[in-house]
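Undergrad: how does the following fold in three dimensions:
(chains A and B)
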Amino acid sequence: MAETTVDGPLGLLAELTHACPLSCSYCSNPLELTKRSAELATADWHRVLDEAADLGVLQSHFSGGEPLLRRDLVELVGHASSLGMYTNLVTSAIGLSRPRAQALREAGLDHVQVSIQADEPVLSDRLAGISSFDKKIEAARLVKELGWPLTLNVVLHRQNIDRVEAILGWVEELGADRVELANTQYYGWALANRSALLPSREQLENAEKVTRAFRERLRDRTDVIYVIPDYYSQYPKPCMGGWGDRQLVIGPEGNAWPCLSAHELPLPKANVREHDLEWIWRSSPMFTAFRGTDWMSDPCRSCDRREVDLGGCRCQAFQLTGDMTRTDPVCVLSPDRHIIDEAVAAANDPAAAEPVGAVPVGSGPVGLGMPELAVRPHRAD
Amino acid sequence: MTGTVPLTGRPALARFVKMRFDKARDRQVLLGPETVVTLNPTGADILGLCDGTRTVADIVDELGRRYDRVVDDEVTQFLAQLVARRWIAIEEDTRG
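TA: This is a model prediction of the structure:
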């Protein structure tokens, strides 16, 4: 049976909290954020990390919300590190003081990823919803000073994609070892704000040209990861490298997911408070629902690409069609592709919202320039 | 595209790279930012000797003794790949 031969996950994404000092309009957290009072306790996370290590997890990514808001972060990193895991902090860098950073270093933290919203404070602070740019730059320098490899994470969208060259200027200036330029994926908050976020084809082509030149010039110093926006692709992405194949996400309340958008799907929840991780990974309906290719219907079932893109993204299929078993609408072979085409056409309509150049300098608090944005709260309670 | 590695250089794992045994899958792996590299037994042997003290020539000699065959191309090509990814740092020999 498939269940007994399934290999263990390589990576665990631990979303320790949904609380965050930032309020980005493309946040990947659920629309319904978990309250702080409902978060797993330190002892729960210890057990989860133990079970993850037994299952074969080699890397743990501490994320959120803002993981630095968890008082037990240093302890949890230390525990994962003692289990031999490669530990990674995914942070806004707000709250990464020198003492905290040094404590994390001593606890064995291996790698830090700092999010960057733009190349300069006015736009960056507007996108993040809080004055944060200067703190991020300072924290990124601290990461390098303490000897960590530094990754800068940049989510690209209509409002900052024209700034890629200047953003890459910071990547070079800060001596980042890696940069992830990830075009927004449209789930949750980002889907609610899609018309303000989806770039035009021209914006994308310019960004890709700039990125290629940078990658070529700094190939000996910096790894450049560029994630294309799937709305502009012909075929869908093989989400997470396969459902329940390599990665495991655990949310603040202990729910386990095959990917960080799967909380949207109408599948029975699998919670680490009720089940051990081995059962969740190997046997829970959440993780077995779309493992492999048996679940597929046409056009995927009979398609030559079924082992390549694995039917695409279940979350995208569900969000755009209401049916999580359908082919990802991004696929040109999908009967639902018109949904994507309409969004792309709107983003390329000359009458669409002006891209970033039109953002008034010093436009003040979040949302003022973009009245239709759904604004993510900092926390749920 | 990969370059070459000097036989007099002293290779060591980059500071941010960890090598460990993956018990669940019974193999040696290299861990780095967002990456897991599976090592075959020869690769694991080569990296096990990259301690920043031995030169590439020393490593070739040692493996030649262990396996009773010539391994220099295998060693230098393997190391060159990892140098290109910055997972191996090579200190050039300045001690003569």
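
Undergrad: now do the SS call for the one residue in the stretch 251-381 of chain A that gets nearest to chain B.
TA: Distances from the stretch 251-381 of chain A to chain B, computed as Cβ to the nearest Cβ, single out A:E278 as the nearest residue at 11.2 Å. Any C-beta I mention is one placed from the backbone N, CA and C, and that applies to glycine too. Secondary structure for A:E278, judged by DSSP: H, G, I helix; E, B strand; the rest coil, is helix.

Undergrad: how about the strands in the stretch 251-381 of chain A?
TA: When secondary structure is read from DSSP state E, counting those that start in this stretch, the stretch 251-381 of chain A shows strands at A:256-257.

Undergrad: same deal with chain B?
TA: Counting by DSSP state E, one finds strands in chain B at the ranges B:10-13, B:18-22, B:27-32, B:35-39, B:88-91.

Undergrad: right, and these - which one's nearest A:G147?
TA: Nearest to A:G147, of all the strands of chain B, is strand B:88-91, at 13.2 Å by Cβ to Cβ.

Undergrad: around chain A, which positions in chain B sit nearby?
TA: Within reach of chain A by Cβ under 8 Å from any Cβ of the partner chain, chain B has these residues: B:15-16, B:18, B:20, B:22, B:24-25, B:29, B:31-34, B:36, B:86.

Undergrad: what subset of those residues is buried?
TA: B:F16, B:K18, B:D22, B:A24, B:V29, B:L31, B:G32, B:P33, B:E34, B:R86 (16 or more other Cβ atoms under 10 Å in any protein chain shown).

Undergrad: any idea of the pLDDT on A:D323?
TA: Each residue has a pLDDT score; the one for A:D323 is 96.

Undergrad: from memory it sits against A:P329, does it?
TA: No: distance between A:D323 and A:P329: 10.4 Å, which falls outside the contact criterion (Cβ atoms under 8 Å).

Undergrad: which residues touch the helix or strand harbouring A:A190?
TA: Following DSSP states H and E, one finds A:A190 within helix A:188-192. Residues from elsewhere that reach helix A:188-192 (Cβ atoms under 8 Å, 6 or more residues apart in numbering or on different chains): A:24-31, A:157, A:184, A:197, A:261, A:264, A:319, A:374, A:376.

Undergrad: for the closest residue to A:R337 other than its chain neighbours, what are phi and psi?
TA: The spatial neighbour of A:R337 that comes closest, neighbours along the chain excluded (Cβ to Cβ, 6 or more residues apart in numbering or on different chains), is A:P329 at 5.8 Å. Dihedral pair for A:P329: phi -60, psi -20, per degrees, to the nearest 10.

Undergrad: excluding its backbone neighbours, what's nearest A:C239?
TA: Spatial nearest neighbour of A:C239, excluding adjacent residues (Cβ to Cβ, 6+ apart): A:C313 at 4.1 Å.

Undergrad: OK, contacts around the residue of chain B most remote from its centre?
TA: Taking Cα atoms, centre = their mean as the measure, the residue most remote from the mean C-alpha position of chain B is B:A24, 23.2 Å away. With contacts defined as Cβ under 8 Å, 6+ apart, B:A24 is in contact with A:G8, A:D54, A:L55, A:G56.

Undergrad: helices - which of those residues land there?
TA: Taking DSSP state H as the definition of helices, those contribute A:D54, A:L55.

Undergrad: export the contacts of B:A24 to a markdown table and tack on distance to chain B?
TA: Written out in a markdown table, the entries for the contacts of B:A24 read as follows (distance: Cβ to the nearest Cβ, whole Å):
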| residue | distance to chain B |
| --- | --- |
| A:G8 | 5 |
| A:D54 | 8 |
| A:L55 | 7 |
| A:G56 | 3 |
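
Undergrad: just the buried ones from the contacts of B:A24?
TA: Restricting the contacts of B:A24 to buried positions leaves A:G8, A:L55, with burial counted as 16+ other Cβ under 10 Å.

Undergrad: I'd say A:I167 and A:S115 touch.
TA: No: in this structure A:I167 lies outside contact range of A:S115 using Cβ under 8 Å: 11.6 Å.

Undergrad: quick one: low-confidence ranges for the chain?
TA: I'll assume chain A. Across chain A, residues meeting the criterion (pLDDT under 70) sit at A:1-5, A:352-372.

Undergrad: if you could check chain B rather than the one you did, that'd help
TA: Residues of chain B that meet the criterion pLDDT under 70 lie in B:1-3, B:93-96.

Undergrad: all helices of it, in order?
TA: Chain-ordered helices for chain B, with DSSP H as the definition, fall at B:41-48, B:56-67, B:72-84.

Undergrad: make TSV from these and add mean neighbour count to it.
TA: Output for the helices of chain B, formatted as TSV (neighbours: other Cβ atoms under 10 Å in any protein chain shown):
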stretch	mean neighbour count
helix B:41-48	17
helix B:56-67	16
helix B:72-84	18
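
Undergrad: distance to A:I161 for the ones you listed - can I get that in CSV?
TA: Below are the helices of chain B laid out as CSV (distance: least, Cβ to Cβ, whole Å):
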stretch, distance to A:I161
helix B:41-48, 40
helix B:56-67, 44
helix B:72-84, 29
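
Undergrad: enumerate the residues of chain A near chain B.
TA: Residues of chain A lying near chain B by Cβ under 8 Å from any Cβ: A:7-8, A:10, A:54-56, A:58-59, A:84, A:86, A:88, A:110-111, A:113, A:147-149, A:151, A:177-178, A:220-221.

Undergrad: again, 10 Å this time
TA: On the criterion Cβ under 10 Å from any Cβ of the partner chain, chain B has as its neighbours in chain A the residues A:7-11, A:53-59, A:61, A:81, A:84-88, A:110-113, A:147-151, A:177-178, A:180, A:219-223, A:225, A:246.

Undergrad: what subset of those residues is buried?
TA: A:8-11, A:53, A:55, A:57-59, A:61, A:81, A:84-88, A:110-113, A:148-151, A:177-178, A:180, A:222-223.

Undergrad: those residues in strands, which ones?
TA: Counted as lying in strands by DSSP E, out of these, are A:11, A:59, A:61, A:86-88, A:111-113, A:150-151, A:178, A:180, A:223.

Undergrad: in terms of helices and strands, where is A:E173?
TA: Following DSSP H and E, the helix or strand that holds A:E173 is helix A:164-174.

Undergrad: give the other helices and strands that that helix contacts.
TA: Secondary-structure packing of helix A:164-174 (3 or more Cβ pairs under 10 Å, 6 or more residues apart in numbering or on different chains; DSSP states H and E): helix A:133-145, strand A:150-156, strand A:178-183, helix A:201-217, strand A:223-227.
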